[in-house]
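S.K.: this one's structure only:
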């Protein structure tokens, strides 16, 4: 686990929960701290959902605990049976994430003995609820997550690394084992990017205008991630077929190198464009005309294949693996360019929150 805001917020939530429990003079304040640990979530929306689920779990755990204690008494076997019943109910209601806290509530209630069992049980449940609410307040106020900025930075950094390795690979300048290790790390980073996208998607907007803007941005980010994955696929195929690429005729290798270099530059400029770092006069038409000439390139490839088809050392099959991934990469770039242009045209008056945080 990396040292991040969530670790600090967990510590603050525990302290705040214990403070509130002591301020309200609730018995066994430690249960408030335990509840705060379970309630801290990576996003405000998930924290809200967790509160709802944990409130339900607390009520279920407390109700089962009170019922079993009144009927059977506080016996050890009864505690185990009550735990099984609580878990069954929670699973049936789809509240799996709150099972742990529900069991803590149940045990805390059944541990109370004496004539004032119901009063103490109520106070124990209240203590746990104080911990849950304290964690929500900390998550809401203290260091609220900015997942859009994190998402863009993660995509940009991953893409920057892919571009560097792709430029080396297409020129046969990269080490095979080093490229393989980098591909494994990049795959893990793409998984993390998907998780960040889900967290950003879960964030709620409270105004209609910002909600519509975010919906459009989500579409752009989704395509941005798809484009990054397609560039990763190009790198993976360059690595896999590096020996076949070396055997290609010199003019074919130069054509692949030049074509891929143009697309990589295009991709870099699209990131700059979305972040508001590209000159306003360089619109999508100029970028499209400068880098995207698919039909012309395909015609050249077809002619070259026809010329060299009798060459025994050359096989178009080797080239098609790489060519197909490059063409898919190009199509993804085109679509990303269209989405970015459409978004910026519609919401050009809005402040770009990435401008001050890019690089």
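M.R.: Looks like it arrived, so ask away. These numbers come from a predicted model, not from an experiment.
S.K.: the helices in the stretch 151-300 of the chain, which residues?
M.R.: For the stretch 151-300 of the chain, the helices defined by DSSP state H, counting those that start in this stretch occupy 176-202, 208-240, 242-247, 250-274, 284-291, 294-307.
S.K.: And residue 166, how far from residue 246?
M.R.: Per C-beta to C-beta, to the nearest Å, residue 166 is found 16 Å from residue 246. C-beta: built from backbone N, CA, C; applies to glycine.
S.K.: Can you pull out the low-pLDDT segments for the stretch 51-200 of the chain?
M.R.: Within the stretch 51-200 of the chain, the stretches with pLDDT under 70 are 74, 114-116, 143-145.
S.K.: want to try a markdown table for the helices of the stretch 151-300 of the chain, with mean neighbour count as columns?
M.R.: Below are these laid out as a markdown table (neighbours: other C-beta atoms under 10 Å):
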| stretch | mean neighbour count |
| --- | --- |
| helix 176-202 | 15 |
| helix 208-240 | 18 |
| helix 242-247 | 14 |
| helix 250-274 | 18 |
| helix 284-291 | 14 |
| helix 294-307 | 13 |
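S.K.: Nearest to residue 71, out of those helices?
M.R.: Nearest of the helices of the stretch 151-300 of the chain to residue 71, taken as C-beta to C-beta: helix 176-202 at 41.6 Å.
S.K.: That closest one packs against which elements?
M.R.: In terms of contacts (3 or more C-beta pairs under 8 Å, 6 or more residues apart in numbering; DSSP states H and E), helix 176-202 is packed against helix 44-72, helix 147-170, helix 208-240.
S.K.: Which strands or helices does the longest one pack on?
M.R.: Counting by 3+ C-beta pairs under 8 Å, 6+ apart, the packing neighbours recorded for helix 208-240 are helix 147-170, helix 176-202, helix 250-274, helix 316-346.
S.K.: do the same with the second one
M.R.: Counting contacts by 3+ C-beta pairs under 8 Å, 6+ apart, helix 147-170 packs against helix 176-202, helix 208-240, helix 250-274.
S.K.: that older thread, can I get the helices and strands packed on helix 176-202 in CSV including distance to residue 16?
M.R.: Shown next, in CSV, are the helices and strands packed on helix 176-202 (distance: least, C-beta to C-beta, whole Å):
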stretch, distance to residue 16
helix 44-72, 14
helix 147-170, 23
helix 208-240, 29
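S.K.: could you redo the helices and strands packed on helix 147-170 as JSON lines and give each row distance to residue 103?
M.R.: Converted to JSON lines, the helices and strands packed on helix 147-170 look like this (distance: least, C-beta to C-beta, whole Å):
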{"stretch": "helix 176-202", "distance to residue 103": "27"}
{"stretch": "helix 208-240", "distance to residue 103": "37"}
{"stretch": "helix 250-274", "distance to residue 103": "47"}
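S.K.: And those helices: which comes nearest residue 29?
M.R.: Among the helices and strands packed on helix 147-170, the nearest to residue 29 by C-beta to C-beta is helix 176-202 (31.6 Å).
S.K.: Please state the offset of that closest one from the chain centre?
M.R.: Computed by C-alpha atoms, centre = their mean, to the nearest Å, the chain-centroid distance of helix 176-202 equals 10 Å.
S.K.: Report the secondary structure state of residue 26.
M.R.: Applying DSSP: H, G, I helix; E, B strand; the rest coil to residue 26 yields a three-state assignment of coil.
S.K.: got the contact list for it?
M.R.: 32, 123, 126-127, 130 (C-beta atoms under 8 Å, 6 or more residues apart in numbering).
S.K.: For residue 69, which non-adjacent residue is spatially closest?
M.R.: Among residues not flanking residue 69 along the chain, residue 110 sits closest, at 5.4 Å (C-beta to C-beta, 6 or more residues apart in numbering).
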